[in-house]
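> Provide a 3D model corresponding to the input given below.
(one chain, ligands or ions: 3)
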Amino acid sequence: MGVFETVAIALWAMLPAYVPNNAAVLAGGGRPIDGGRTWNGRRILGDGKTWRGTAMGILAGALLGVALNAVEASASDLLGVALPTFPAAVLLALPAGAMLGDIAASFLKRRTGRQRGAAFPGVDQLDFVVFALLLAFLAAPDWFGEVFTLSVLVVVVVVTPLLHLVTNAIAYALGLKDEPW
Ligand SMILES: CC(C)=CCC/C(C)=C/CC/C(C)=C/CC/C(C)=C/COC[C@@H](COP(=O)(O)O)OC/C=C(\C)CC/C=C(\C)CC/C=C(\C)CCC=C(C)C
Ligand SMILES: Nc1ccn([C@@H]2O[C@H](COP(=O)(O)OP(=O)(O)OP(=O)(O)O)[C@@H](O)[C@H]2O)c(=O)n1
Ligand SMILES: [Mg+2]
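Ligands and ions are numbered 1, 2, ... in the order given. Have a look, this model is predicted:
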């Protein structure tokens, strides 16, 4: 597989896991998932993880996946690359995994004494990727093996942190996020 094809498949296959975090920032807020509860004197997750943000994130990712399925043939023709379609279970697994990864990272941040909004380099950039891939693998192992070959996985792990940094910097500059990370 050539470099262009590998990058195109990696980005396409990860889009339903990329957009949930954007949607949670744009549409989040309201009741926190942990209901304000603490554990050992620290919040379990914190006010940055809300029911609305999580639900809107999963919905946005799943709807994007449905839209990508609808345009897959034309996009594949246009790019000259055989892009994958997403099975129903994966349409849910990718965005739900992305949101779960973000929540797991907040849990870890609070346990390590980091306040809401504090940076956790490395974890911030890849939390959603690890859980999205894990849930997609559990949901459809055969599909996962065909789409996420070793070279595609390498591209995902290298390119996602860069996209995350750029996206967050732009979102911060536009006043959509409180921190640039
Ligand atoms: C459908 C909805 C609700 C929004 C779509 C908005 C949009 C333009 C999405 C782009 C999707 C995409 C390809 C994102 C990049 C991949 C990525 C790793 C995203 C992770 O997002 C991080 C998120 C919050 O992260 P956190 O929870 O970990 O803190 O980012 C905040 C983003 C927003 C508030 C949404 C608005 C986004 C922008 C203004 C930036 C759009 C920028 C790009 C598409 C730049 C892409 C960069 C290159 C170099 C191609
Ligand atoms: N499941 C989620 C994820 C995010 N958000 C919204 O998106 C903002 C930015 O998300 P993020 O950077 O993930 O949260 P932080 O506030 O930085 O909190 P943490 O330190 O726990 O990551 C949050 O403040 C919150 O308004 C949300 O409502 N629900
Ligand atoms: Mg943050």
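> which residue packs closest to residue 155, ignoring adjacent ones?
For residue 155, ignoring the flanking residues on the chain, the nearest one in space by Cβ to Cβ, 6 or more residues apart in numbering is residue 10 at 4.0 Å. C-beta here means a position set from N, CA and C on the backbone, and glycine is covered the same way.
> Now do that neighbour, the pLDDT please.
The confidence metric pLDDT takes the value 98 at residue 10.
> what do you get for residue 62?
The pLDDT attached to residue 62 in the predicted structure is 98.
> Kindly report the same for residue 33.
Reading off the confidence values, residue 33 has pLDDT 98.
> Next, give phi and psi for the residue lying closest to it once chain neighbours are set aside.
The spatial neighbour of residue 33 that comes closest, neighbours along the chain excluded (Cβ to Cβ, 6+ apart), is residue 49 at 4.9 Å. In this entry, residue 49 is assigned phi and psi values of phi -120, psi 100 (degrees, to the nearest 10).
> Which helix or strand lies directly C-terminal to the helix of greatest length in the chain?
Among the segments of the chain that qualify as a helix by DSSP state H, the longest is helix 51-79. Under the assignment DSSP states H and E, the closest C-terminal helix or strand after helix 51-79 is helix 88-111.
> Check which residues of that following helix are buried.
Of the residues in helix 88-111, those scored as buried under the neighbour-count criterion (16 or more other Cβ atoms under 10 Å) are 90-107, 109-110.
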